[in-house]
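Trainee: coords below, sequence missing:
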């Protein structure tokens, strides 16, 4: 049988008990910033450090964005010919990675690096395949806190579960053997179903080809219609496609092991405000890592307002760690779909989201009894709930977060909700009899 | 070639001859009760023993429900640090499993336990992977009669037939080596097609992700449209979905080796009377194990009446052991399908079932000649049959079962049957010339 | 690149040259009779010998049906406990297999036997897995000429090409090592694509689950829509389904290595005359082995007339050994399809077939230029051809075969052909300028 | 993540740096001529040498067609019985391959040969499986420059990535070990996804079954609808089918490693002028090797005009090496599709192609901003571009190529383009502000 994602109370104890076998990291999804989406291969010490400083000055660090991750192209053209150790590009990182890590640490942040379980990285720098131990030890000596580990040029070591598991487990063991806690972010784009086997070796695993900064454009380069048994994950995957990919996979995630929907594109300019809100909301609800991919040194207030919605962040970082489930998905005549998502939060609260990917507005009634609380007992199905709209500002009485407007009490259904094209509505539902107290006291994180 | 499921007489002799190679158990599908569907991880000695006592007091034991199975979460947080033996949760099972087994045995019942062919169980207790021998020996020392063996956290040891076979065969060998007959209930959710390779190592194998207490709701968490080559079995699988999964697989089952459609949900409240009747009937006809999943200490008379239909149970336990076949399946405009199933029983009888999963009633004529007896010889195709409706009470002259109303003699077809939405009709057909004698004497089991 | 099936002349030389590496058998598809389709497990010495005698007395032997194959259930309940040699059922074959083989040989026929690359045969007798050498040597000592080698209970040794190849190659090597030429008929129902890897180890390989004696009935037990990557070949496969399976696979066959569409059902009563003619014709055109599966001791003249159509047999046994190709397949509104097939024969002749699987008659014009001769040069496309209808009796001037009525000369197209429901038309086309001489002299085989 | 195909400038440096690990060949796709498409197995020394001479005399050599490749059937019936070395057919190549190679080299051309990673070649000559070293050494001793390495009769050594990788890597290592630079053209028809694993061992890999000289005819012998996870690549694949196969795969190619769409059919007579132009254009745009397959000793001027369009060749040989991407593909009611392709060229130019595979003409407006420059920055999206139609003759002012007519400056869109049935339009777009200078000076290669 599968672990019942809603069996929360029983699970929490044992999950902690089992945690001694893993690295203990990512009890909630990791948050941070990564060089790739904005800068690609065009990075240097300055790219990294200026971003780190901006995370602090913009306040993003205090919202939880703590990992500063140096993606591909930090490497020198070759390993050290004597020791075979990895080394940094002497032009781009003249003081080496350790010096950068030190400065990042001094800012109260953590630092991540990138390599590849293949002969080359995707950018054709040297990969770590068959160099796992020396590389892990080197990263530890540089005081690295995080490894993103990619899948290009893997010399055919893929095709079924065990062969991929073994390749990626080698780095897992090497990292653990260093003694330094290093978050392990596995990135094989969902090949061979890492949700089935990465759960005991990695803190997160990518489920798809690379994201693109588009809402719903089909692209031949991301050809699969499902993440399950996808033989060419590709790249240029639109946000709605990755959302579809993620829907069946939430059941495999939990504290310390997360589905990674890829880094965020918010602020990179390819989507509207409403579309970026969808992007951020679903990533948060399904407990994806939240890793920014924009230029944090130059952000509009709109961008900043999205990625600092602390009510949404609190959903992502909720201690229950149970990804929201898609309860239904209705194709629309005009194209696109309407989707209802929900999932449990701590203290008996529930997150509910209504997503409209179609090009026209929709009016939808949500059935609390048969849909949102379908897996709950009858008392819960019939109860009344106070809803807080997490994309509206809280009214003054909410002392904890600026977000989460009280929109009233509902029982059995939430009638006739207007949801615009490419828009999402997200509510936190609290049992009505507890809600008054909650309104005064609850802590969103 | 495949074994002809209808080649009954010839098979029975040899199947017995071959049986010396296996554990000799489950010559008909196992019956019992399991903690999971109702109690999940929230179990204790009292959960198990009160259910065992209820099986006796309710009379269910005498209908054949003999295995009391302790599912996940009976384990202590860790193995014995000295011996590496498994041990029970000291709070929930303070006297240990052996004491519980003894009490269950004294009630004239058998006892089952649960583990997992992985690093952890699905509830993240310790798994048995690489501990097969010590675990099997411990179970035997506890006088366990049954092992349900799950598939979570399997360290990537899956992906094609042999790799799954070897992982599960290790426990099979370990159980056989104990010398104690322990029924082996393999539960890898149909991954890598266990119907192709588990037949020589296990008594049953699950064919799908976990059942949910719903009749026909689509759920993203059970995403495959067929059990064949399903790469994400998932859970929250509705009854009609599992019925579809099972249709092509009956050919692989037989005495000692059964397709397991998962435990029963009857009495858990998510379906109507008619829907639970469908659930129980198809499980019985395709020779699935019948393992109750409700709270047997608190049953309505309706629930009890379904699970004690001894005519239906007799179909499941028929010594021929040949799963019914779906002869046709017609999609309906209103949604859902109408399906005709049939299969051979002992003494020349035949089971026939007409299933309507659509939301509206249907009127259907059954073609005995071209459909029900399509694989029979011409004499059988043209013969007259007396039909007994197994979901109507028998009239007084039937001395054997309370179920099975004589609805008359039919030849060539059974015309204009009314079948309600979400309803099934099940008949036992007996050659008309033999039926009079049968009505007086036949033993349903 | 693939071998061009039409590159006949060039291929013939080298194919012969390469033949020294294989057993040299089945230069054309094997023909014979097998116990299974009619008798299943209910066989004995008398079943086999009476059939063998009937093959002679009915004249079938002289049409090429030379192998008498004893299918499953000839085995004793166990191997010889001392030597581990296989042995025959002492009741059914009291004199042993060798004595039966001797009698068959004396009738001028050859003898085949059956085993299984698994722990058990499909009928649950002992299998040959891990007993390949002792079994092959025993068969050779019995003077067996043919082995049908099945796939049940294979202990998970399947799932990708090499694992299936190795399991079946072991018996190939064992048979070759005996020094006796034994035709090797591989029967793994198309699992893992034997057309890709059995070509160097076997003389034929089954491409599908077991045939059933039906023309086009869908059956859940034969669930795949294509033979390619079919994970549950099953059984109860209708004739039209197997025809669809075979269409893309002809490219893999040639002298000594054939796609096996399974044994014939002609005469078993489940199909009409026209349907059996379709069955026999397509099996012959795609160069399947022609192995009878009816009771040859009791045949109607209609059955005999189909299976002794020597013009159709000559197509099957044509020395070029190039399976016909399906040139197009048009779905019909009434259900079913119309299909055009064609392929090269020796001496520049061409076989053409028009098949109507729909339930109503059709009128069809065949385009010789763009369809039948699409792979030929322009001169051949534009040439005139004399057509002989191979399911009409020859007129008197044809001295060679009773079949093959001259229906005239056609150029560019064959207009407005009437083809009834479930009917096939088969013509041999001969270049018109050569046809007169041919009419007097050509030898169909 | 995947390598961003458009990250040109950054990639070029490192790609060169990494190149020391491979054979350094095929920095742009190879060009040449091959015996198979026209002559099949019917080849001899004279076939090869007359073609080589024709490449020189026709001027094709000077357009870049430099490899003369001897495909299957050059082999003797067996290896040298003493040394096991390969040897040539003594009748067809009486002076051996080395003598032919010498003559080809003297003509300023390079020479290629063919073998197979199996027991036999597709033409059933001896294969190289398990003879990799002796064969590579022999080829080097013959001064061979190129190996096409096929996949027939591979003894089941396929089915997942690593097993195919290892079989083909053995020849890669053997070739490299000779010390002679030998271009390695892997030909396993896309089985097991060579685009994922052949990138570090081969210079190109076939993506499909064999091409046929047809534009869009469906053929059962090429049954897959996608190259991804195709289990029967087959042959007789039409041009439009291979184009569909290629669309998602461009992301895997780059300097030294190319998707091979199979050899060209231009001049073999099965397609119209417009269709051959489509064939040549797409092969060039996606950076397939351009290997002629016609009889170059007898070419029409039309054939010659297509294959010597130096503007199109320059696209193929552009140093950026980034395959064009299919931006959209719209099915048409009349059948077929309209497709838009684009990709980056050196010096900031862009290639754009509009393809109409439908049977009727279409009028289409191209959106430069949202489609062609979708991955570019806003400035590029909004810029004006001068377009040169590469299938119209250049006007006099173009000093570099005879092809590439200036059709004006466009911004935001190219309106109302007429494109005939089975026609393609191909433009080189140059930023308008740079175009005047370019018109005078740019070098197409």
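Mentor: Arrived safely, thanks for sending. Values in this document were obtained by computation on a predicted structure and should not be read as measured data. Numbers count the residues shown, from 1 in each chain, chains lettered A, B, ... in the order given.
Trainee: C-alpha from now on. contacts and neighbour counts both.
Mentor: Will do.
Trainee: where in chain A is pLDDT low?
Mentor: A:1-21, A:396-400, A:435-445 (pLDDT under 70).
Trainee: helix or strand right after the longest helix anywhere in it?
Mentor: The longest helix of chain A (DSSP state H) is helix A:161-177. Sequence order places strand A:183-186 as the next helix or strand after helix A:161-177, per DSSP states H and E.
Trainee: Endpoints of stretch A:247-267, how far apart?
Mentor: 25 Å (CA to CA, to the nearest Å).
Trainee: anything in that stretch sitting right up against chain D?
Mentor: No: Stretch A:247-267 lies out of reach of chain D by CA under 8 Å from any CA of the partner chain, never closer than 9.1 Å.
Trainee: Could you report the neighbour count for residue A:330?
Mentor: 11 (other CA atoms under 10 Å in any protein chain shown).
Trainee: ok, it - contacts?
Mentor: By CA atoms under 8 Å, 6 or more residues apart in numbering or on different chains, the residues touching residue A:330 are A:337, A:338, A:339.
Trainee: which one of the residues you listed sits closest to chain C?
Mentor: residue A:337 (29.9 Å; CA to the nearest CA).
Trainee: Quick check: can you list the domain ranges of chain A?
Mentor: Taking the TED database as the criterion, chain A consists of the domains A:31-317, A:325-431.
Trainee: Quickly check: the longest one near chain B or not.
Mentor: Yes: applying CA under 8 Å from any CA, one finds domain A:31-317 touching chain B at A:160-165, A:196-200, A:228-229, A:247-249, A:251.
Trainee: who's in contact with the residue nearest to residue A:269 when sequence neighbours are not counted?
Mentor: Of all residues not flanking residue A:269 in the chain, residue A:213 sits nearest, at 7.4 Å (CA to CA, 6 or more residues apart in numbering or on different chains). By CA under 8 Å, 6+ apart, the contact set of residue A:213 is A:238, A:239, A:265, A:268, A:269, A:270, A:271.
Trainee: Most neighbours among these, which one?
Mentor: residue A:239 (27 neighbours).
Trainee: right, and it touches residue A:214 too?
Mentor: Yes: between residue A:239 and residue A:214 there is a contact under CA atoms under 8 Å: 6.4 Å.
Trainee: Kindly give a single PyMOL line that selects the buried subset of the residues of domain A:31-317 next to chain B.
Mentor: Buried residues among the residues of domain A:31-317 next to chain B (16 or more other CA atoms under 10 Å in any protein chain shown), as a PyMOL selection:
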select buried, chain A and resi 160+161+162+163+164+165+196+197+198+199+200+228+229+247+248+249+251
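Trainee: Present the contacts of residue A:213 as a markdown table; the columns should include secondary structure and distance to residue C:82.
Mentor: Compiled in a markdown table, the contacts of residue A:213 are given as follows (DSSP: H, G, I helix; E, B strand; the rest coil; distance: CA to CA, whole Å):
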| residue | secondary structure | distance to residue C:82 |
| --- | --- | --- |
| A:238 | coil | 68 |
| A:239 | helix | 68 |
| A:265 | coil | 73 |
| A:268 | coil | 78 |
| A:269 | coil | 80 |
| A:270 | coil | 78 |
| A:271 | coil | 78 |
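Trainee: Which one of these is nearest to chain B?
Mentor: Closest approach between the contacts of residue A:213 and chain B, by CA to the nearest CA: residue A:239, at 18.2 Å.
Trainee: now that closest one: how far from residue A:351?
Mentor: In terms of CA to CA, residue A:239 sits 21 Å off from residue A:351.
Trainee: what does chain A have sitting close to chain D?
Mentor: Counting by CA under 8 Å from any CA, the residues of chain A that sit close to chain D are A:40-42, A:77, A:122-125, A:150-160, A:187, A:189, A:209-210, A:219-223, A:231-232, A:234-235.
Trainee: ok, now with 7 Å
Mentor: Residues of chain A lying close to chain D by CA under 7 Å from any CA of the partner chain are A:41, A:77, A:122-124, A:150, A:153-159, A:209-210, A:219-221, A:223, A:231, A:234-235.
Trainee: Now that we have the contacts of residue A:330, which of them are buried?
Mentor: A:337, A:338, A:339.
Trainee: Which ones among those map onto strands?
Mentor: A:337, A:338, A:339 (DSSP state E).
Trainee: nearest to chain B, of the residues you listed?
Mentor: When those are ranked by distance to chain B (CA to the nearest CA), residue A:339 comes first, at 11.6 Å.
Trainee: Identify the residue nearest the closest one in space, chain neighbours excluded?
Mentor: residue A:329 (4.3 Å).
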